[in-house]
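Student: With the input below, show me the fold.
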Amino acid sequence: MPSPVTVFGGTGFLGRRVVRHLRDAGLVVRVACRHPNRAFSLFPHEFADIESVHADVNDDGSVARAVAGACAVVNTVSLYVERGKDTFHSVHVEAAKRIAVLARQAGGETLVHISGIGANAGAASPYIRSRGEGEAAVLDAFPSVQLVRPAVMFGPGDAFLTPLLAMLRRLPIFPMFGSGATRLQPVHVGDVAEAVVRILRSPAGSRLYELAGPGVYTYQELLRAIAASAGASPFLVPFPFSLWHVIGYVAEALPGPPLTRNQVELMKQDNIAEPDAPGFEALQIAPQSIEIMLSGDATDNEDDAEA
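Tutor: Okay, here's the model as predicted:
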């Protein structure tokens, strides 16, 4: 039997798409996550072809077992709200390094580490800083690692477009982050998953990819496009970032916070790809626009699986 590709976080928003794209490409897949039984509900039709193993990224033993015999490893694990021992540093830096170290010790040929556009070890934001520190830690542990930095991702069940669409439909007045001038380049989650597959198939390519959609929008322009697709025309009101920070702080106490302080920090800076960074073009992928998603014509094998 061919060696598997181990996907950490394989039941998450991006991870489950990566798993399906890898399987569709004919690769053997091992899903490594805290709750392996969840893989059965996510991949009921493919479960016979997908191995699911328990893996706690904070534990050396379970990570070592998850990468044993794997030809490649993909780390899609991320954290948006700190809870107890699960901090941005423990997940994005310590756990990422653990996966890289143990994957290399196990003889893995390729490691793909998912980070994010804007990752910066010198940033004031703990979230953004941990992403940058995580990249450095992984590079130190697995020098041939291939780093993937997606822009903000959209797709069925996302935490970006879906809630925005729901709120813009309901609210006649909509508060923007700041003046709404932050620039965004949203990317379809299925396109990022396909990029991971192509990177694994051509490991001699670039060491860093910045993956962003075909359109750049200010936040205000994006809100207007989303509202128009829903037949709504809310009044968009500038709202200071300082007040958003307070709202995010309070919201983080909720079981499923609708907003976090790190999301506020992310909205302070442009989320667009560097013009000279290798991206979809280098992988021969034509990314889907957010307008296609809004029109219902976007392609995503997650949709096909749930239909």
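
Student: going forward, measure contacts between C-alpha atoms and count neighbours the same way
Tutor: OK.

Student: Run through who's touching the lengthiest helix in the chain.
Tutor: Of all the segments of type helix in the chain, defined by DSSP state H, the longest one is helix 126-141. Contacts made with helix 126-141 from outside it, assessed by Cα atoms under 8 Å, 6 or more residues apart in numbering, are listed as 80, 88-89, 92-94, 96-97, 100-101, 104, 113, 115-116, 118-123, 145, 147, 262, 266.

Student: how deep is the nearest residue to Leu171 once chain neighbours are set aside tucked in, by neighbour count?
Tutor: Nearest residue to Leu171 in three dimensions, chain neighbours excluded: Pro234, at 6.6 Å (Cα to Cα, 6 or more residues apart in numbering). Counted with other Cα atoms under 10 Å, residues neighbouring Pro234 total 19.

Student: you'd agree Pro234 is up against Phe174?
Tutor: Yes. Under the criterion of Cα atoms under 8 Å, Pro234 makes contact with Phe174 at 6.3 Å.

Student: Spatially nearest residue to Trp244 (excluding sequence neighbours)?
Tutor: For Trp244, ignoring the flanking residues on the chain, the nearest one in space by Cα to Cα, 6+ apart is Val264 at 6.6 Å.

Student: sorry, that was for Ile173
Tutor: Using Cα to Cα, 6+ apart, the closest residue to Ile173 is Phe235 (4.6 Å).

Student: on that earlier part again, phi, psi of the residue nearest to Trp244?
Tutor: With angles defined as degrees, to the nearest 10, Val264 shows backbone torsions of phi -60, psi -40.

Student: Just the buried subset of the contacts of helix 126-141, written out for PyMOL, thanks.
Tutor: Of these, the buried ones go into a single PyMOL selection, burial set by 16 or more other Cα atoms under 10 Å:
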select buried, resi 88+89+92+93+94+96+97+100+101+104+113+115+116+118+119+120+121+145+147+262+266
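
Student: The host helix or strand of Arg149 vs helix 126-141, what angle?
Tutor: Under the criterion DSSP states H and E, the helix or strand holding Arg149 is strand 146-150. For the pair strand 146-150 and helix 126-141, the angle between their directions (axes from the mean of the first three to the mean of the last three Cα atoms, to 10 degrees) equals 160 degrees.

Student: packing partners for strand 146-150?
Tutor: strand 110-114, strand 208-211 (3 or more Cα pairs under 8 Å, 6 or more residues apart in numbering; DSSP states H and E).

Student: circling back to that earlier point, who are the contact partners of the residue nearest to Ile173?
Tutor: Neighbouring residues of Phe235 by Cα under 8 Å, 6+ apart: 172-174.

Student: Redo these as CSV? Include neighbour count, pLDDT and secondary structure.
Tutor: CSV is the format used below for these (neighbours: other Cα atoms under 10 Å; pLDDT from 0 to 100; DSSP: H, G, I helix; E, B strand; the rest coil):
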residue, neighbour count, pLDDT, secondary structure
Pro172, 12, 94, coil
Ile173, 13, 96, strand
Phe174, 18, 95, strand
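
Student: In TSV, list these along with distance to Ala32.
Tutor: Listed next are these as TSV, based on distance: Cα to Cα, whole Å:
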residue	distance to Ala32
Pro172	43
Ile173	43
Phe174	40
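
Student: if we can go back for a sec, deepest in the core, which of the helices and strands packed on strand 146-150 is it.
Tutor: The highest mean neighbour count among the helices and strands packed on strand 146-150 belongs to strand 110-114 (a mean of 26), with neighbours defined as mean count of other Cα atoms under 10 Å.

Student: mean confidence for it?
Tutor: Regarding strand 110-114, the rounded mean pLDDT is 97.

Student: Indicate each strand paired with that strand and its parallel or antiparallel sense.
Tutor: strand 72-75 (parallel), strand 146-150 (parallel) (DSSP bridges).
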